[in-house]
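# Make a model of this:
(one chain, ligands or ions: 2)
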Amino acid sequence: MYFQIDLDMDPIGVESLLRCSALWGVGLIVAGLISVVPGDAGANASTPSARLEIPLGLDIYMPIPEENPLTRQKVALGKRLFSERLLSRDRSLSCTSCHDPRRAFTDGRQVSRGVVGREGTRNAPTLINRGYGATFFWDGRARSLEEQVVQPIQNSNELDLTLAEAVSRLRDQRTYRRRFQAVFDRQVEAQDLALALASYVRTILSGNSLYDRYLSGERDALSVQARKGLQIFRGKGNCTACHLGPSLTDERFHNTGVAWRNDRLLDEGRFEVTGNPEHRGAFKTPTLREIDRTAPYMHDGSIRSLEEVIEFYNRGGNPNPTLDSEVRPLNLTKDETADLLAFLRAQRGIVQEGLGASAKYNRQGGPE
Ligand code: HEC
Ligand code: HEC
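Numbering: from 1, shown residues only. Ligands and ions are numbered 1, 2, ... in the order given. Alright, predicted model coming up:
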């Protein structure tokens, strides 16, 4: 089986059921449903229990911290905050400015642009399936989503607001006062802002791709060319050395040489977090789901197209002193390159966010 259910590991301990009905024909399988506990605060007693639907291809078990259970109201509040411009210094930007749901939660720019046009040094990664993540940011400097989500607010190249200012702006709004009170049973606090945003980010999922359908037994879901590409992905291309598992990432850090230019590293990556010299120029392996919708690529957005990404790997990345031993010249033929590309394009699935009947985005990226 491609996905598994482990009741012993279910952190919310309510009920998890695997509904593996053979609906191959319509290509939509409800792999499982995670029940979400009703509200954590007294005021929530009446909240109807919500369900996070895990799409085909993803692990039925998503680790959700005990101190931040998913509730319908909290996720809805997080969603609202995710597009709240009050959270930027000049009230011009929100999380969606750089993580646009219509672009699989990326911004299409080489590096992101924050308030008053300030540019950072890194490309905005997609936020899909981050609920399964182990560390966050390209260098893994945040260890939980709760820790991560408030950093863009404070980053001077992004939203550029202190948490105290953010909290005071939210307290000034009657709606937010009411909604935080309903979810957390107290006035707006910075830590609750983090809990709500993290809960929403956990509901951003992509699954049910052609590749998932193929793996679940629908042999024709992948074209002949994409199937050949899959063989290269697993074999000659050696991509599965790092891109594996339900989201095609090992969640670890590798140096493929992207940051190496003119005999030096432009970005030390993971090394800045750990101080371990072996981590120089290493970055977190990104997911390959929705990959043909999230250009440009790599931590610095330096590669514009998937064709160029394959070229990069084909030549063995950028050789440098800490290059990962799994990266080496591949000698792919023109046909093999085209096959691999077809396989990468089959990673488009259905992006969903929020709980219950909220928006889904289809393979074209428009609302469904
Ligand atoms: C100005 C653009 C910008 C804005 C606004 C922004 N982000 Fe990001 N986001 C980025 C960039 C760039 C990175 C990668 C930075 C790095 O790794 O150093 C990132 C990384 C992330 C990650 C880590 C993903 C991963 O794979 O590790 C999460 C989660 C995230 N952002 C959530 C948010 C939330 C929530 C907000 C709103 C509070 C937000 N972002 C606002 C640009 C932005
Ligand atoms: C040694 C581990 C490793 C191997 C092998 C590997 N990758 Fe990667 N991949 C990574 C890392 C790490 C990154 C991010 C590098 C960076 O930004 O500096 C990445 C980035 C990518 C990206 C860009 C994703 C994005 O969102 O920006 C694509 C596409 C990709 N790899 C495809 C492949 C393919 C196809 C293969 C096989 C030919 C492959 N990778 C082999 C580790 C690996």
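
# for Lys74, helix, strand, or coil?
Under DSSP: H, G, I helix; E, B strand; the rest coil, Lys74 falls in the helix class.

# What separation is there between the closest residue to Ala104 other than its chain neighbours and ligand 1?
Distances taken as Cβ to Cβ, 6 or more residues apart in numbering place Glu290 nearest to Ala104, at 4.0 Å, with adjacent residues excluded. The C-beta positions use only the backbone N, C-alpha and C, and glycine is treated the same way. Glu290 is 13 Å from ligand 1, where distance means Cβ to the nearest ligand atom, to the nearest Å.

# got it, and Thr126?
7 Å.

# Also Arg109?
Relative to ligand 1, and taking Cβ to the nearest ligand atom, Arg109 is found at 9 Å.

# Now that we're looking at that residue, what pLDDT does it have?
pLDDT, Arg109: 97.

# Is it correct that it is in contact with Gly120?
No: in this structure, Arg109 is not within contact of Gly120 by Cβ atoms under 8 Å, at 10.1 Å.

# what about the residue nearest to Thr135 when sequence neighbours are not counted, neighbour count?
Nearest residue to Thr135, sequence neighbours excluded (Cβ to Cβ, 6+ apart): Arg143, at 6.0 Å. For Arg143, the neighbour count with other Cβ atoms under 10 Å is 12.

# So for Arg143, what pLDDT did the model give?
So Arg143 comes in at 96 (pLDDT).

# So, low pLDDT: which residues of the stretch 251-368 of the chain?
Applying pLDDT under 70 to the stretch 251-368 of the chain picks out residues 356-368.

# The residue nearest to Thr135 touches Gly133, doesn't it?
No: counting by Cβ under 8 Å, Arg143 sits too far from Gly133 to count as a contact (10.0 Å).

# coming back round to it: Arg109 and Gly120: which has the busier surroundings?
Gly120 (16 against 13).

# which ones are touching that one?
Going by Cβ atoms under 8 Å, 6 or more residues apart in numbering, Gly120 touches Val111, Ser112, Gly114, Asn155, Asn157, Glu158.

# out of those residues, who's near ligand 1?
Contacts with ligand 1 within the contacts of Gly120, counted by Cβ under 6 Å from any ligand atom: Ser112, Gly114, Glu158.

# wait, doesn't the first one sit right on Arg122?
Yes: with contacts counted by Cβ under 8 Å, Ser112 reaches Arg122, the gap being 7.2 Å.

# between the two, who's got more neighbours?
Ser112 (23 against 20).

# OK, contacts around the more buried one?
Each residue near Ser112 by Cβ under 8 Å, 6+ apart is listed here: Cys98, Glu119, Gly120, Arg122, Asn123, Ala124, Asn157, Glu158.

# Give me the buried entries from these.
Neighbour counting over those (16 or more other Cβ atoms under 10 Å) leaves Cys98, Gly120, Arg122, Asn123, Ala124, Asn157, Glu158 as the buried ones.

# and the residues you listed, which of them are in helices?
Judged by DSSP state H, the subset of the buried ones among the contacts of Ser112 located in helices is Cys98.

# would you turn the buried ones among the contacts of Ser112 into CSV with distance to Arg219?
Converted to CSV, the buried ones among the contacts of Ser112 look like this (distance: Cβ to Cβ, whole Å):
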residue, distance to Arg219
Cys98, 39
Gly120, 44
Arg122, 40
Asn123, 36
Ala124, 36
Asn157, 47
Glu158, 45
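
# Which of the three states applies to Leu52?
Quick answer, by three-state DSSP: Leu52 is strand.

# okay but it is in contact with Tyr61, surely?
No: Leu52 lies out of contact with Tyr61 (Cβ under 8 Å); the separation is 11.5 Å.

# what kind of secondary structure is whatever residue of the stretch 151-300 of the chain ends up closest to ligand 1 in?
Closest to ligand 1 within the stretch 151-300 of the chain is Pro152: 3.4 Å, counting by Cβ to the nearest ligand atom. Under three-state DSSP, the three-state class of Pro152 is helix.

# residue contacts, the residue nearest to Ala104?
Contacts of Glu290 (Cβ under 8 Å, 6+ apart): Ala104, Thr126, Ile128, Ser206, Gln347, Arg348, Gly349, Val351.

# What of Ser223?
Ala342, Ala346.

# Which positions in this protein make contact with ligand 2?
237-239, 241-243, 254, 256, 258-259, 283, 285-286, 288, 291, 294, 297-299, 306, 309-310, 313, 324, 326-327, 340.
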